[in-house]
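I need the structure of the sequence given here:
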Amino acid sequence: MLCCSCSPVPAASPVTGAGLIAAAPLSSRSRKMHHHVHPVAVNDQNQLSSVVAAAVVVGAAAGDGIEEAEPAKKKKAACSWAARRRPSKLVIPAAADASGQALLGEELVAAAAAAAEEEEVEVEGDGFWVATRRGARHATMEDGYGVITEHKTDGHSQLAFYGVYDGHGGRAAVDFVSGRLGNSIVSSAAPPAEKTQRSSSASSPSPAVADDDVAAAIRDAYLTTDSEFLSQGERGGACAATALVIGGDLYVANVGDCRAVISRDGAATALTSDHTAAREDERGRIESSGGYVSCGSNGVWRVQDSLAVSRAFGDGGLKRWVVAEPEVNKTRLAAGCEFLVIASDGLWNKVSNQEAVDAVVATGSEHSVVSCRQLVDIARRRGSRDDITVMVVDLRRFLL
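Modelled structure (predicted):
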């Protein structure tokens, strides 16, 4: 069993604490040396000259009122003026790694490079591929993903779960959901083989709304996960798109604007519908519950002038209108079903469904991790500043 989540995807902890700190210059301290001159017996003129010369040297060093030479005074004044003009000293403190050891010089540069690499992660798994990249809008990666595979027969996995999550308002919700939802769905939606209901049709031209026991278990898992997260008292929320393959059927569910698209003989079909207030049915549901929606000058619809999605995990302050009940669709896997693309809205805001499928087809299934990377690059080149997570799942391995 494999279960992953992005932080972006786990890797070495980023370096923290490094930076430039302006240190105020130390206050000048005046030091005064006191010298005691003891009487000296002078027996002749030469001895008197030596004593006077020695006194001049001692007095000059001690600053006891004996005049300095003119060039020395000018030099001292110039140094004093330069000191006043000099900016505050910049101190670069040593950063610490996870073990608490100080990092200096080249080690600090290497640690910063490692932290940057964490923002771009690629995974090549057993029949699935993932590419993630942190967007410029966020200080930390707020996307996540999860994969669970088990119950293999004759080398073919008969049950598998895949999910992509998109957090907002921090990582709390996406971390919680990515750690709970997949396990909850697999444990509750895997009934004995004789209880698994199958469609009699060879292939559905479009996804059908599922209403069997598996679909009900998926809905319950979504709602239970949401309730458990809200009980933690954490802020923020998360969108999700998940896929469960069981007994030759594909169950796709979602809340929010993560999306799943299937390729059938190269033709793209969305198996999810984005949950935003731009949908008339979502606006009606929110307004009938006493809420309101608005559309800004940028064309983005928002719930209560706040959230751009109408369904999500978390978001306790908006829970009356932003529900976590998913829409679940069921598709019978048959000849022609090639692969599934599941991604966060960082991709779909810039790349169409068919473009995503075409990019995967162009690279071939054996290079799907390359196609994930290319899709991320396309979205970035078109101006996406959001976090992007793209997962491609090979569906041909599930055909019975």
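
In three-state terms, label G135 for me.
coil (DSSP: H, G, I helix; E, B strand; the rest coil).

For the remainder of this discussion, apply numbering that starts at 783.
Happy to do that; since the first residue is 783 now, the last one works out to G917.

Near it, how many other residues are there?
Number of residues near G917 (other Cβ atoms under 10 Å) recorded here: 18. Any C-beta I mention is one placed from the backbone N, CA and C, and that applies to glycine too.

swap in L963?
As a measure of burial, L963 has 26 neighbours, counting by other Cβ under 10 Å.

Not counting sequence-adjacent ones, nearest residue to it?
By the measure of Cβ to Cβ, 6 or more residues apart in numbering, the closest residue to L963 outside its immediate chain neighbours is T1007, 4.9 Å from it.

D908 now?
Leaving aside its chain neighbours, D908 sits nearest to T931 (6.4 Å; criterion: Cβ to Cβ, 6+ apart).

Which residues does the one you found form beta bridges with?
Each beta-bridge partner of T931 is listed here: A942, as defined by DSSP bridges.

To which secondary structure element is I1044 assigned?
Secondary-structure element containing I1044, defined by DSSP states H and E: strand 1041-1046.

For the residue lying closest to G952 once chain neighbours are set aside, give me phi and psi.
The shortest distance from G952 to any residue that is not its chain neighbour, by Cβ to Cβ, 6+ apart, is 4.3 Å, and that residue is G1018. Phi and psi for G1018, reported as degrees, to the nearest 10, are phi 90, psi -180.

Just give the number of residues close to G1018.
Residues within reach of G1018, counting by other Cβ under 10 Å, total 21.

correct me, but it touches V959?
No. G1018 is not in contact with V959 according to Cβ atoms under 8 Å; the separation is 10.7 Å.

For A1106, which non-adjacent residue is spatially closest?
D1008 (3.5 Å).

related to what we said a few turns ago, share the number of residues neighbouring the residue nearest to D908, please.
Once other Cβ under 10 Å is used to define contacts, T931 is seen to have 20 neighbours.

now swap in T1113 and tell me
What T1113 shows, counting by other Cβ under 10 Å, is a neighbour count of 26.

and the next element down the chain from the strand or helix carrying it?
In this structure, T1113 is located in strand 1109-1114 according to DSSP H and E. Past strand 1109-1114, further along toward the C-terminus, the next helix or strand under DSSP H and E is strand 1119-1125.

quick one: R1017 and G951 touch, right?
Yes. R1017 lies in contact with G951 (Cβ under 8 Å); the separation is 5.7 Å.

Comparing the two, which residue is more hemmed in?
Between R1017 and G951, G951 has the larger neighbour count (other Cβ under 10 Å), namely 17 against 13.

How about the backbone phi and psi for that one?
For G951, the backbone dihedrals (degrees, to the nearest 10) come out as phi 70, psi 30.

wait, it sits on G1018?
Yes. Because the distance of 3.1 Å satisfies Cβ under 8 Å, G951 is recorded as touching G1018.

any common contacting residues for these two?
Both G951 and G1018 are contacted by G1096, D1097, under the criterion Cβ atoms under 8 Å, 6 or more residues apart in numbering.

give me the element G945 is part of.
Using DSSP H and E, G945 maps to strand 938-950.

and whichever helix or strand comes after that strand with strand 938-950, angle?
The first helix or strand that comes after strand 938-950 along the chain, using DSSP H and E, is helix 954-970. Helix 954-970 runs at 160 degrees relative to strand 938-950, counting by axes from the mean of the first three to the mean of the last three Cα atoms, to 10 degrees.

if we look at helix 954-970, which residues are touching it?
Residues outside helix 954-970 that contact it (Cβ under 8 Å, 6+ apart): 785, 787, 789, 924-930, 932, 941, 943, 945, 947-949, 999-1000, 1002-1004, 1006-1007, 1010-1011, 1014, 1016-1020, 1022, 1024, 1026, 1095-1096.

Provide a list of residues in contact with L1026.
When contacts are taken as Cβ under 8 Å, 6+ apart, L1026 is in contact with L941, A942, F943, I967, V968, A971, V996, I1000, L1032, Y1033, V1034, A1035.

Which residue is the nearest non-sequential neighbour of it?
Sequence neighbours aside, Y1033 is the residue nearest to L1026 in space, at 4.4 Å (criterion: Cβ to Cβ, 6+ apart).
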